[in-house]
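A.B. asks: The amino acid sequence is not available; the structure is as follows:
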């Protein structure tokens, strides 16, 4: 992560929460799922593009993140409305994800980044994030297979990820107030 304060973090996180709610609506086949997902993907795309535009120093990694978020959002919209050419967006998405993992994915554990200290609470919260992600993926897979307790697992994953996002938002607000 960069040391300078990132703009639009809270609106992006709120958009992510709406995206998770839209996924739940879609899994349960409720009305307005496509509308919520579309609004979430469009807002994420627009907010991240605005965030990139306002960034004073644009590095290769910043451009790669822009491509990653843009094609992820576009691919989401393509999947919602069953449009053609999804394969091309997915290929670009995978390439940019691999580049991001190589360039920044391991920076979290590097000794060069002094702002990310590995303490016990941070590790626990990151484990909650990982467990929530795995629960969402497993719950979605199990729902396709119509297994028992798939919805409970999916709901648990969305709950954990939402708690993680809210904790991150409110912890940032408390840090900002104390500064």
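C.D. replies: All right, it came through fine. Note that the coordinates shown come from a computational prediction; the quantities given were computed from them, not determined experimentally.

A.B. asks: where does the chain have low pLDDT?
C.D. replies: Applying pLDDT under 70 to the chain flags the ranges 1-6, 105-118, 172-179.

A.B. asks: Only the buried residues of whichever helix in it runs longest, if you could.
C.D. replies: Using DSSP state H, we find that the single longest helix of the chain is helix 150-178. The neighbour-count check on helix 150-178 (16 or more other C-beta atoms under 10 Å) flags 150, 153-158, 160-162, 164-165, 169 as buried. In this view, the C-beta of every residue, glycine as well, is placed from N, C-alpha and C.

A.B. asks: how distant is it from the center of its chain?
C.D. replies: Relative to its chain's centre, helix 150-178 lies at 12 Å (C-alpha atoms, centre = their mean, to the nearest Å).

A.B. asks: Then stretch 69-76?
C.D. replies: 11 Å.

A.B. asks: what's that stretch in contact with?
C.D. replies: Identification of contacts with stretch 69-76 by C-beta atoms under 8 Å, 6 or more residues apart in numbering yields 37, 41-42, 44-45, 48-49, 86, 89-90, 92-93, 96.

A.B. asks: just curious, which of the residues you listed is nearest to residue 146?
C.D. replies: Ranked by distance to residue 146 (C-beta to C-beta), these are led by residue 37 at 22.5 Å.
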